[in-house]
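[1] I'd like to go over a predicted model; first the sequence, then the structure.
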Amino acid sequence: MESSTDDITGSFQDLALETGTPENRLPPWAPQNPHNFQPRHFSAITACEHCGHTIVALEWNQGSACTACNFDVHKECAAKVPHNCEGADPKSTFATLNKNPDYVVKHNFYLKHFDTITFCNICRKVLLGIGKQGYACAVCKYVVHEECMAKAADNCAPTRFSTEVPKDFCHYWIEGNLDGKCHLCNVNLAASTIMFGYRCFWCQQKVCSSCFASAKLETDTCDMGDLKNSIIPPTCINTHGKDDDISSWTVSNLPSNCEPLVVFINRKSGGGMGEFVIRRLNTILNPSQVFDLSKGGPKPALQMLAKCGVKPYRILACGGDGTAGWVFQSIDDLKLEYRPPLAHLPLGTANDLSRVTGMGPKYSGEDLLPIVKGVVKSDVVQFDRWTLDMEVDGVKQETKYFNNYFSVGLDALIALEFHEARNKNPEQFKSVVFNHAKYAQLAASKLIASEVSDLDKTLKVKIDGRDARLPDGTQEILIINIPSYMAGTDAWGDATDEVFPNKQSFSDGLIEVVTVSSVIHLGQLQAGANT
C-alpha cells in the first residue's frame with residue numbers, strides 16, 4: 001500500500017473514482033462530490049478523519065488533505081472516503097449538485113454555548129471562546145462558526161415532502177460531534193479530537209467514519225430507531241407545495257404499528273423553557289409533528305390529522321394548565337370522532353394537571369428522551385371534564401369548560417388581577433419564580449382588605465338539586481375535579497368518612513365542593529390543614 005501511494009503525486013480523486021464504491025455508500029438522493037485530496041505535511045499530531053488513528057509516516061508529507069474542505073486522512077485511507085465533500089463553498093456546491101428540491105432545507109441556526117470540544121461542520125476546526133462559541137441547527141445539530149454560517153449548505157434533514165415522495169427512507173447522516181460508541185465496531189466516539197463519525201438524525205444510530213464507508217451500510221434503510229412507532233416518517237407527509245398551510249398537508253401510508261406522538265408547545269411558557277423544549281423535541285421526533293401554538297393554535301393540525309384519518313395517536317401538550325385546556329377545548333370545538341389521549345409536560349406556574357397525572361410539578365430541563373418514551377408507553381386513563389353554563393341578568397352566556405377546578409370569590413379575584421397584570425407587562429412574567437412571588441403578593445394584599453366577603457349571604461348554591469348551606473363568612477366557593485389546586489394544594493384531602501366513603505378521583509364522574517373563609521384559610525389548605 002505504501003508503494004502505491006508514493007506513486008501518486010497529484011490528486012487522489014482519480015483513485016477514489018476508480019474504486020467505484022465510496023459514492024455508493026451515500027443515500028441515493030445525496031449529491032456526489034469527490035474530495036480533492038493532495039499530499040500534506042502536518043506540523044502537529046493529527047488524526048485521520050476516516051479511521052481515527054494518528055497520521056504517522058517517515059516522510060515530509062505524512063498524509064493528505066482535501067483542498068476544498070480540509071478533510072485530513074492517511075494516504076491509504078483517501079480512496080475509502082465517501083464522495084461527500086461539501087467544497088470550499090458548501091452552499092453553492094450543494095445547490096449545484098442536488099437534483100431534488102425537497103432536500104434543499106435551510107438550517108435553523110441559534111447561538112449556543114458548547115460544554116465540550118465541538119467542531120465546525122464547515123471548516124472542521126474547533127469552536128473556541130468563552131460563552132456562546134458558535135451556532136447550532138435547532139433541528140439536526142449541524143454546528144458552525146459565526147463566520148462560517150453563510151457558507152452552510154441548505155442540507156438540513158427533510159421532515160416532509162412537497163413533490164414526489166420517495167418509497168424507501170434512508171438514514172440521514174450528520175458528521176461529527178458525537179458521544180458514545182460506534183454501533184458497529186464499538187470504538188469510542190466521545191474521545192475523538194477530530195471530526196469523526198456520523199449520526200443518523202432519525203434513528204440516532206452512531207457509526208465511526210470507517211464503518212460509515214463500509215459495505216454494511218450501503219443498502220441500509222432507516223427504521224427510525226427506538227421511537228419508530230411514535231414518529232411520523234417524513235415519507236408519509238406531503239405538503240403539496242403548501243409548506244406553511246398545515247391544513248393542506250396529507251399524512252398517509254403510516255406503518256402498521258405507528259401511533260404518532262403529536263406535540264403542541266406553548267413557546268412562551270416556562271420563562272423561555274418552551275423554546276428549549278421545541279429544539280430538543282425536534283431532535284427526538286419528526287419536527288413536522290411538533291407544533292408551535294403561537295402559529296395558529298392546535299386546530300389546524302388536529303383538523304389535518306382528522307381529515308387524513310390518522311388514528312390512533314397521542315398528544316403531548318407542553319405548557320401550563322391553560323395550554324392543556326386549550327388543546328382539550330380545540331378537540332371539543334372540532335367535535336372530533338377520535339379523541340386522542342393527552343399528556344401534559346409542565347412548563348407553567350401551577351401545573352396542577354401534570355401533578356396528578358404522573359408528569360410531575362415542573363419540567364426543569366432534564367433529558368426529554370426518557371420522558372417521551374414514558375409518555376408513549378403509559379397507560380391511558382379516563383379524565384372527567386366539565387361544562388359550565390352561566391346566566392347574567394337572565395342572559396345565557398357562552399358555555400365554558402373546565403378541567404382542574406373552578407372558583408367563585410377570593411381566589412378568582414386574585415387570579416383575575418394576576419392575569420391582567422401579566423397581559424399589561426408580559427415581559428415581567430418570564431420566570432416561574434417571579435410568577436409565584438407575584439401571585440403571593442396579590443394574595444397578601446387581600447389580608448388587609450378584600451373586595452369579596454360573605455358569599456353565604458349573596459349566593460345560592462344547589463348541589464345535586466338540593467340547597468346547600470354555606471358556612472358563615474364564606475369568601476370563596478371552590479369546585480374541584482382533581483386533587484391539586486393552586487400549585488399542588490389538596491383542598492379536599494384524602495380522608496374518608498361515612499358521608500364521603502371514597503377518595504377524590506378525576507375519573508369517577510363526580511366533582512367536589514369546598515368553601516374558603518379567608519386568605520389565612522387558603523394558607524392553611526396549602527399547608528395541609530384541610531379545615
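    Sure thing, it's come through.
[2] excluding its backbone neighbours, what's nearest Arg339?
    Distances taken as Cβ to Cβ, 6 or more residues apart in numbering place Ile331 nearest to Arg339, at 6.0 Å, with adjacent residues excluded. All C-beta spots, glycine's among them, are computed from the backbone N, C-alpha and C.
[3] So Ile232 versus Lys307, what's the distance?
    Computed as Cβ to Cβ, to the nearest Å, the Ile232 to Lys307 distance reads 15 Å.
[4] swap that for Tyr313, sorry
    13 Å.
[5] Mind checking which of these two has more residues around it?
    Tyr313 (19 against 13; other Cβ atoms under 10 Å).
[6] thinking again about what came up before, what about the residue nearest to Arg339, distance to Gln303?
    11 Å.
[7] Over to Val73?
    Counting by Cβ to Cβ, the gap from Val73 to Gln303 is 52 Å.
[8] who's more crowded, these two?
    Taking other Cβ under 10 Å, Val73 and Gln303 do not tie; Val73 has more neighbours (26 against 15).
[9] wait, that one sits on Glu49?
    Yes. Between Val73 and Glu49 a contact is recorded at 6.2 Å, counting by Cβ atoms under 8 Å.
[10] where exactly do the strands run in the stretch 401-531 of the chain?
    405-409, 461-463, 466-468, 476-480, 512-516 (DSSP state E, counting those that start in this stretch).
[11] Please identify the most buried of those.
    Across the strands of the stretch 401-531 of the chain, averaging neighbours per residue (mean count of other Cβ atoms under 10 Å) puts strand 476-480 on top, at a mean of 22.
[12] so what does that one touch, helix or strand wise?
    strand 405-409, helix 410-424, strand 512-516 (3 or more Cβ pairs under 8 Å, 6 or more residues apart in numbering; DSSP states H and E).
[13] picking up where we left off before, would you convert the strands of the stretch 401-531 of the chain into CSV that also reports mean pLDDT and distance to Ile45?
    Below are the strands of the stretch 401-531 of the chain laid out as CSV (pLDDT from 0 to 100; distance: least, Cβ to Cβ, whole Å):
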stretch, mean pLDDT, distance to Ile45
strand 405-409, 86, 65
strand 461-463, 84, 80
strand 466-468, 87, 82
strand 476-480, 88, 67
strand 512-516, 87, 71
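[14] Now that we have those strands, can you turn them into a markdown table and tack on distance to Asn282?
    Shown next, in a markdown table, are those (distance: least, Cβ to Cβ, whole Å):
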| stretch | distance to Asn282 |
| --- | --- |
| strand 405-409 | 34 |
| strand 461-463 | 48 |
| strand 466-468 | 51 |
| strand 476-480 | 36 |
| strand 512-516 | 41 |
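[15] tell me how far stretch 276-285 is from the chain's mean position?
    3 Å (Cα atoms, centre = their mean, to the nearest Å).
[16] which of the residues in it are buried?
    277-285 (16 or more other Cβ atoms under 10 Å).
[17] Return the closest of these with respect to Leu478.
    Using Cβ to Cβ, Val277 is the member of those that lies nearest Leu478, at 31.1 Å.
[18] Quick one: residues contacting the closest one.
    Neighbour list for Val277: 265, 270, 318, 345, 347, 363, 368 [criterion: Cβ atoms under 8 Å, 6 or more residues apart in numbering].
[19] which ones are touching the closest residue to the second one other than its chain neighbours?
    This means Gly270. Using Cβ to Cβ, 6+ apart and skipping the chain neighbours, the partner closest in space to Gly270 is Leu347 (3.5 Å). Listed by Cβ under 8 Å, 6+ apart, the contact partners of Leu347 are 266, 269-270, 273-274, 277, 318-320, 323, 363.
[20] State the mean pLDDT of the helix or strand containing Leu345.
    Assigned by DSSP states H and E, Leu345 falls within strand 342-346. Averaging pLDDT along strand 342-346 gives 96.
[21] ok, now stretch 261-278?
    88.
[22] Need the distance between the two termini of that stretch.
    14 Å (Cα to Cα, to the nearest Å).
[23] What are the boundaries of the strands in the stretch 51-200 of the chain?
    Going by DSSP E, counting those that start in this stretch, the stretch 51-200 of the chain shows strands at 63-66, 72-73, 109-112, 134-137, 143-144, 173-175, 198-200.
[24] Which parts of the stretch 201-350 of the chain are strands?
    So, for the stretch 201-350 of the chain - with DSSP E, counting those that start in this stretch - the strands run 206-207, 237-238, 250-251, 261-265, 290-292, 314-319, 342-346.
[25] And the fifth one, what does it pack against?
    It stands for strand 290-292. Counting by 3+ Cβ pairs under 8 Å, 6+ apart, strand 290-292 packs on strand 261-265, helix 273-284.
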